[in-house]
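1. Below are the sequence and a predicted model; questions follow.
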Amino acid sequence: MENNQIDIKNKLDEGLTFKISRFKEQIKKTKPHKHDEYNELIFLSDGEGFHCIESEKFMVSTPEFYFLKPGQLHFWQFTSIPKGFVIIFKDKEFNGVNENLLIDLLRKLTDITRLEIQSDKYPSHILEDIFNEYQLNTQYSKEIIHGLLKALFGKLLQIKVVKPTNSNQPQPVYERFKQLLVKECPRLHKVNEFADLLNTTPQNLNIICRKQTGKSASEIISNQILLEAKRYILHTDNTINEIAEILSFTDTSNFVKFFKRHENITPIQFRSKYFQ
């Protein structure tokens, strides 16, 4: 019997969390497939044809940019030779404590599926620099690449502001929840507080979060508070008492218990671990 299962591709070798390559310059129709646990950023400078993502069919109109999230189904049908770059990465490529600005820029890009780019705005120089640095793979290459990615994401957001996409469509609850996390956390700690702002129930928010991430809304909120805590512990001179207050804990002992429950060490031990 013929196997009609959808292919799940993994283009990252074991242990890798980042890769950039040139888009394959060939005309072929790809089979519908998904990507395994990584994001894929596609930059096309040349090419004609169609790109299907889930149930949506896009006419390739270069230059353009696509953002494919983990698990999204897509396939191509080119009618002329495509050119461009493909960047793939796992979320853990970026350090949640030290690279919060880069992660914030990336988060702002996640509601884009496709973005048309004017020819004079296509970031060819940045992409070439990232590709060349990735090929070099020497000391500080990762730091240089991350700096270039920050510039690249900023450029894309500039284009998005000038040319908003799908602005009339309501944002999904999970996307709005992620934005609220950045804006309202750590002021808010409870699922029902976020659910109220989203005009939904805590139960529904949990269902949506589990469907998207496999984690409850409470776990996601805790992870965000923990991330904020680590940033303050490592990147400020605030005392633990002061950090507990900034993070809206009722008292320091509750903050210490929360931190130790997740990290198995106290905030003081966590700080001393990195600054011995």
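-> Noted; the coordinates are in hand. Numbers count the residues shown, from 1 in each chain.
2. use CA for all of it now, contacts and neighbours both
-> OK.
3. In stretch 120-133, which residues are buried?
-> Under the neighbour-count criterion of 16 or more other CA atoms under 10 Å, stretch 120-133 has Tyr122, Pro123, Ser124, Ile126, Leu127, Ile130, Phe131, Glu133 buried.
4. ok, those vs Lys155, which is closest?
-> Lys155 lies nearest to Pro123 out of the buried residues of stretch 120-133, by CA to CA, at 7.6 Å.
5. List the residues that contact the closest residue to that closest one other than its chain neighbours.
-> Among residues not flanking Pro123 along the chain, Leu152 sits closest, at 7.2 Å (CA to CA, 6 or more residues apart in numbering). Counting by CA atoms under 8 Å, 6 or more residues apart in numbering, Leu152 makes contact with Pro123, Ile126, Leu127.
6. quick revisit: pLDDT, secondary structure and distance to His146 added to the buried residues of stretch 120-133, as JSON lines?
-> Listed next are the buried residues of stretch 120-133 as JSON lines, based on pLDDT from 0 to 100; DSSP: H, G, I helix; E, B strand; the rest coil; distance: CA to CA, whole Å:
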{"residue": "Tyr122", "pLDDT": "97", "secondary structure": "coil", "distance to His146": "19"}
{"residue": "Pro123", "pLDDT": "97", "secondary structure": "coil", "distance to His146": "15"}
{"residue": "Ser124", "pLDDT": "97", "secondary structure": "helix", "distance to His146": "16"}
{"residue": "Ile126", "pLDDT": "98", "secondary structure": "helix", "distance to His146": "11"}
{"residue": "Leu127", "pLDDT": "98", "secondary structure": "helix", "distance to His146": "12"}
{"residue": "Ile130", "pLDDT": "98", "secondary structure": "helix", "distance to His146": "9"}
{"residue": "Phe131", "pLDDT": "98", "secondary structure": "helix", "distance to His146": "12"}
{"residue": "Glu133", "pLDDT": "97", "secondary structure": "helix", "distance to His146": "11"}
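7. still on that earlier bit, closest to Glu25 among the contacts of Leu152?
-> Closest to Glu25, out of all of the contacts of Leu152 and judged by CA to CA, is Leu127, at 16.5 Å.
8. Does that closest one touch Ile87 like I think?
-> No - contact between Leu127 and Ile87 fails when scored by CA atoms under 8 Å: they sit 9.3 Å apart.
9. so what's the residue nearest to Pro123 scoring on pLDDT?
-> Here the pLDDT value assigned to Leu152 is 98.
10. and it, helix, strand or coil?
-> Of the three states, Leu152 takes helix according to DSSP: H, G, I helix; E, B strand; the rest coil.
11. can you tell me how far it sits from Ile8?
-> According to CA to CA, to the nearest Å, Leu152 and Ile8 sit 28 Å apart.
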